[in-house]
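Asks: model this:
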Amino acid sequence: MAKSIQNVVMQGASGKIGKTLVFRQLSNGETVIANRAKPRGKKPLTPAQEAFRYRFQNAAYMAKIFSQDPIHRPRYLAKAKSGQSAYSMALKDCLTAPQIKRINLDAYNGTVGSLISIRAVDDFKVASVRVRILKANDILIEKGFATLDDNGLDWTYVATVANTPLTGTKVEVTVSDVPGNETVEVATMA
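Replies: Residues are numbered from 1 along each chain as shown. Next comes the predicted model:
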């Protein structure tokens with residue numbers, strides 16, 4: 001892919017030339033010259049390709065809304081590099097799920113007030129962290145939301161129901177980002 005900067009002849013050019021080249025305009029005013037995309041064959045899409053196409057269409061729709069929103073737009077522009085738009089950053093956010101880096105059960109002893117610490121990250125912002133505590137036989141003991149710690153990375157859940165015995169207790173953590181992507185992880189107590 002070539003870039004044309006301050007070229008009087010190609011400034012503002014867009015579209016295709018013949019069957020080989022395409023001119024595109026970036027949000028920063030640069031003209032990009034690229035090979036023309038090859039046409040797809042007539043093969044039907046696999047179920048995985050169909051699922052990704054559906055996911056991408058939804059992400060593109062949401063990215064358009066988020067990139068124009070006065071609250072979200074500045075956040076996306078702040079992360080954008082040269083040549084990237086708020087839309088492209090919003091699209092990345094809509095396609096990327098948050099990650100759970102760690103579930104720390106060291107301070108959870110089954111008493112009311114004991115703590116569960118979760119480290120959750122996202123490429124832009126983690127919106128919420130939900131915790132469910134279940135017995136070994138999957139009976140729900142309690143559920144609720146964790147709160148964000150001062151460091152901006154860790155979330156803390158404070159137990160509200162006594163739980164004994166602890167062996168086999170499952171802690172299910174669901175992390176959501178602003179576009180609604182979710183990641184779920186379960187930690188089991190030994």
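Asks: spatially nearest residue to N104, not counting backbone neighbours?
Replies: S117 (4.1 Å; C-beta to C-beta, 6 or more residues apart in numbering). C-beta here means a position set from N, CA and C on the backbone, and glycine is covered the same way.
Asks: a strand runs through N163, doesn't it?
Replies: No - counting by DSSP: H, G, I helix; E, B strand; the rest coil, N163 is not part of a strand but coil.
Asks: which non-adjacent residue is nearest it?
Replies: Distance criterion C-beta to C-beta, 6+ apart; nearest residue to N163, sequence neighbours excluded, is G110 at 4.1 Å.
Asks: what's the burial count for that neighbour?
Replies: The burial count assigned to G110 is 16, neighbours taken as other C-beta atoms under 10 Å.
Asks: can you give me the distance of it to D154?
Replies: 21 Å (C-beta to C-beta, to the nearest Å).
Asks: same question for S176.
Replies: 16 Å.
Asks: kindly report the same for N104.
Replies: 8 Å.
Asks: neighbour count for these two, which is higher?
Replies: D154 (18 against 15).
Asks: per-residue confidence at the more buried one?
Replies: pLDDT, D154: 96.
Asks: pull out the buried positions in the longest helix anywhere in the chain.
Replies: Longest helix in the chain, counting residues (DSSP state H): helix 47-68. Residues A59, M62, A63, F66, S67 are the ones in helix 47-68 that count as buried (16 or more other C-beta atoms under 10 Å).
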